[in-house]
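Visitor: here is my input; please provide its structure:
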Amino acid sequence: MDMTRYDGIIFDFNGTLFFDSDKQEEAWRVISLRTRGREFTKQEMLERMHGCSGKSIFEYLLGRSISHEEEVKLMAEKEEIYRELCLKDQEHFHLAPGAESLMDWLCAHGVPHTIATASEIVNVRFFREHFGLDRWFDPAAIVYDDGTHPGKPHPDIYLKAAAKIGLSPERCIVVEDARSGIESARRAGTGCIVAMDSGAVDSETLHSLPCVSAVIKNFDQLDRSLLSVRK
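Guide: Residues are numbered from 1 along each chain as shown. Here you go, the predicted model:
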């Protein structure tokens with residue numbers, strides 16, 4: 001990393017602030033089996049699931065466009081499975097290592113920050129409730145899949161997230177774990193992309209991406225000196 005300082009930070013959620021790739025994959029395997037009679041392959045998970053919107057995943061599974069109403073119905077089924085899996089695994093149902101300490105530091109030092117997630121509103125509320133996210137994040141600034149913008153790898157979600165915290169994308173660090181999310185941040189012109197090596201993508205691939213400035217395995221490894229403090 002160079003020592004350019006950035007004014008804010010935007011976090012992906014699933015696989016980044018919460019290491020849940022195994023739960024996401026299991027839920028999508030169940031849905032894929034129900035929908036088309038066979039499970040997602042590992043390659044499909046990497047290219048078509050991680051970091052992608054629910055609408056794009058279901059359109060891939062079904063091989064056709066779907067309406068918003070159909071998307072809502074299908075996603076509700078998948079997310080119910082996902083949330084049940086999370087709640088059953090209490091040992092691993094917590095924020096990523098170092099996340100709480102980093103969030104406390106961001107708040108204490110007045111560093112603008114938010115979340116840009118491909119999750120929809122029911123899951124966002126689920127995470128807010130169980131992880132106490134309102135302690136660190138302004139709910140109104142969280143950007144999620146509300147059907148008004150294309151999903152990752154399109155840049156819209158990070159453009160919107162940067163605007164929510166009053167910054168231009170080039171003044172923001174983005175932390176992502178999925179290739180589609182990393183590409184979304186790159187297309188948005190964000191100033192610095194940090195890859196979280198949580199298992200969604202192999203470490204070698206993350207290190208090979210030219211737009212990635214650093215790869216970390218937990219938030220204790222994030223270089224806080226890259227961020228400008230206001231307090």
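
Visitor: now do the buried residues in the least confident helix or strand in the chain by mean pLDDT.
Guide: Lowest mean confidence among the helices and strands of the chain (mean pLDDT, DSSP states H and E): helix 42-44, at a mean of 87. Neighbour-count burial for helix 42-44 flags residue 44 (criterion: 16 or more other CB atoms under 10 Å). Any C-beta I mention is one placed from the backbone N, CA and C, and that applies to glycine too.

Visitor: name the helices or strands packed onto that helix?
Guide: Helices and strands touching helix 42-44, as assessed by 3 or more CB pairs under 8 Å, 6 or more residues apart in numbering; DSSP states H and E, are absent.

Visitor: helix or strand right after that helix?
Guide: Using DSSP states H and E, the next helix or strand after helix 42-44 towards the C-terminus is helix 54-62.

Visitor: got the contact list for that following helix?
Guide: 28, 31-32, 35-36, 48-49, 65-66, 70-71, 74-75, 78, 118, 120, 145, 147, 151 (CB atoms under 8 Å, 6 or more residues apart in numbering).

Visitor: narrow those to those that are buried.
Guide: Looks like the contacts of helix 54-62 have 28, 31-32, 48-49, 66, 71, 74-75, 78, 118, 120, 145, 151 buried, using 16+ other CB under 10 Å.

Visitor: how close does the residue of the chain positioned farthest from its centre sit to residue 43?
Guide: Distance from the C-alpha centroid of the chain, by CA atoms, centre = their mean, peaks at residue 37 (28.1 Å). According to CB to CB, to the nearest Å, residue 37 and residue 43 sit 18 Å apart.

Visitor: hey, where'd the strands end up in this structure?
Guide: 8-11, 113-115, 172-176, 192-196, 214-216 (DSSP state E).

Visitor: right, so those: which one is the most enclosed?
Guide: Ranked by mean neighbour count under mean count of other CB atoms under 10 Å, these are led by strand 172-176, which reaches a mean of 28.

Visitor: angle of that strand against strand 192-196?
Guide: 20 degrees (axes from the mean of the first three to the mean of the last three CA atoms, to 10 degrees).

Visitor: dump strand 172-176 to PDB, restricted to CA.
Guide: Taking C-alpha atoms only, strand 172-176 is exported to PDB below (Å, rounded to 0.1, in the frame of the first residue of the first chain):
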ATOM      1  CA  CYS A 172     -13.000   6.000   0.100                       C
ATOM      2  CA  ILE A 173     -11.500   2.700   1.000                       C
ATOM      3  CA  VAL A 174     -13.700  -0.300   0.100                       C
ATOM      4  CA  VAL A 175     -13.300  -3.700   1.900                       C
ATOM      5  CA  GLU A 176     -14.600  -6.600  -0.200                       C
END
